[in-house]
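S.K.: Predicted structure and sequence below. I'll ask about it afterward.
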Amino acid sequence: MRVTSLRVMSIAICALLAASAAQAHPRLMHAEPAPASTVATSPTAIRLIFNMPIEVKFASVRLFSSTGQQVHLSSVTVDPRDTKEVVVAVPSLLTAGDYSVEWRVVGVDTHWKAGRYAFRIEQ
């Protein structure tokens, strides 16, 4: 019986460690424009919402047209009401077409994560 209890406790500890390791990295939970979406008009901002607070000084967001040309964006900010939300303004109207967003962030736990997704503007 004692061996079974130790086995159960060992499994529980491993499960807890695995769960905390999975939470240890920033993960993109929501984005506007959404990945693989088609929007009717040019977005005024790109919003990325993560599973943990983000360190703004280490965050970057880049936008590329379908030809690979980088689109000028404003500075990256973090919403002061919700530090899980990264916001970057799109200062000029974008033309119809395909775009890709590349992001890189560091969570408050000092782990970094990067990703990329695409969206389309219909106009």
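M.R.: Alright, I've got the coordinates. Residues are numbered from 1 along each chain as shown.

S.K.: got the contact list for the one residue sitting closest to the centre of the chain?
M.R.: Closest to where the C-alpha atoms of the chain average out (CA atoms, centre = their mean) is residue 28, at 3.5 Å. For residue 28, the contact set (CB atoms under 8 Å, 6 or more residues apart in numbering) comprises 48-50, 103, 113, 115. Yep, even glycine has a C-beta here, placed from its N, CA and C like the rest.

S.K.: Next: residue 99.
M.R.: The neighbourhood of residue 99, defined by CB under 8 Å, 6+ apart, consists of 63-66, 71, 118-121.

S.K.: Tell me the one among those residues nearest to residue 107.
M.R.: Closest approach to residue 107 among the contacts of residue 99 (CB to CB): residue 63, at 22.2 Å.

S.K.: What is the least confident helix or strand in this protein?
M.R.: Least confident helix or strand, the chain: helix 2-22 with a mean of 51, by mean pLDDT, DSSP states H and E.
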